[in-house]
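Asker: need coordinates for the below:
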Amino acid sequence: MNRHIAVYPGSFDPITYGHLDIIKRSLEVFDELIIAVARNSEKRSLFSIQERLDLVAEVIGDDARVSLDTFDGLLVDYVLNRGSRIIIRGLRAVSDFEYEFQLAQTNRAVHKEVETLFMMTSVSYGYLSSSIVKEIASMGGPVDTFVPPEVRIALENKFRADKGD
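Answerer: Below you'll find the predicted structure:
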């Protein structure tokens, strides 16, 4: 049975254990998952697009069911061009739902054949966001429980470089 290809878009700046939880659970439902790292010029990223791709690849490892890509432009166009019609989005709180609901409805208005499936984050990651991780790391705080070791090291190196150490 072909359970289709799903696309999990995001900035992944940086990838967290919350993202990894959604990825793992998505692979329990879908045969293939495309992790689509957004090239969002309006959002100031800590890591370059290549650094984000490299970090995601490093923590995902070799799983033939997962592919990495970047995109800009309309997500729904990208999804259809990749042979999918499923967008995966993680939800942490009601405030996430309101914003994501608007996006999903807009995407359906543009391409009615594209569905957005929402996954509630696991309870242990309900508070976690890349923004919080970056803020803690920027102040030298511990992020071990939020991100894999490879990401923690990349954050430490990035903030050490920014301080000129």
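
Asker: going by C-alpha atoms from here, please, whenever you check contacts or count neighbours.
Answerer: Will do.

Asker: give me the pLDDT for the closest residue to S138 other than its chain neighbours.
Answerer: Leaving aside its sequence neighbours, S138 sits nearest to F159 (Cα to Cα, 6 or more residues apart in numbering; 5.9 Å). Looking at F159, its pLDDT reads 91.

Asker: before we move on, what about S41?
Answerer: For S41, the predicted pLDDT is 60.

Asker: same check, this time on the one 10 residues further on
Answerer: pLDDT, E51: 96.

Asker: can you give me how far the one helix or strand it maps to is from the chain middle?
Answerer: Using DSSP states H and E, the element containing E51 is helix 49-60. Taking Cα atoms, centre = their mean, to the nearest Å, one finds helix 49-60 lying 11 Å from the centre of the chain it belongs to.

Asker: dump it to PDB, restricted to CA.
Answerer: Included here for helix 49-60 are C-alpha records, laid out as PDB according to Å, rounded to 0.1, in the frame of the first residue of the first chain:
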ATOM      1  CA  ILE A  49      20.300  27.500   4.500                       C
ATOM      2  CA  GLN A  50      23.200  25.100   3.900                       C
ATOM      3  CA  GLU A  51      24.000  24.900   7.600                       C
ATOM      4  CA  ARG A  52      20.400  24.000   8.400                       C
ATOM      5  CA  LEU A  53      20.400  21.300   5.700                       C
ATOM      6  CA  ASP A  54      23.600  19.900   7.000                       C
ATOM      7  CA  LEU A  55      22.400  19.800  10.600                       C
ATOM      8  CA  VAL A  56      19.100  18.200   9.600                       C
ATOM      9  CA  ALA A  57      21.000  15.600   7.500                       C
ATOM     10  CA  GLU A  58      23.400  14.900  10.400                       C
ATOM     11  CA  VAL A  59      20.700  14.300  13.000                       C
ATOM     12  CA  ILE A  60      18.400  12.300  10.600                       C
END
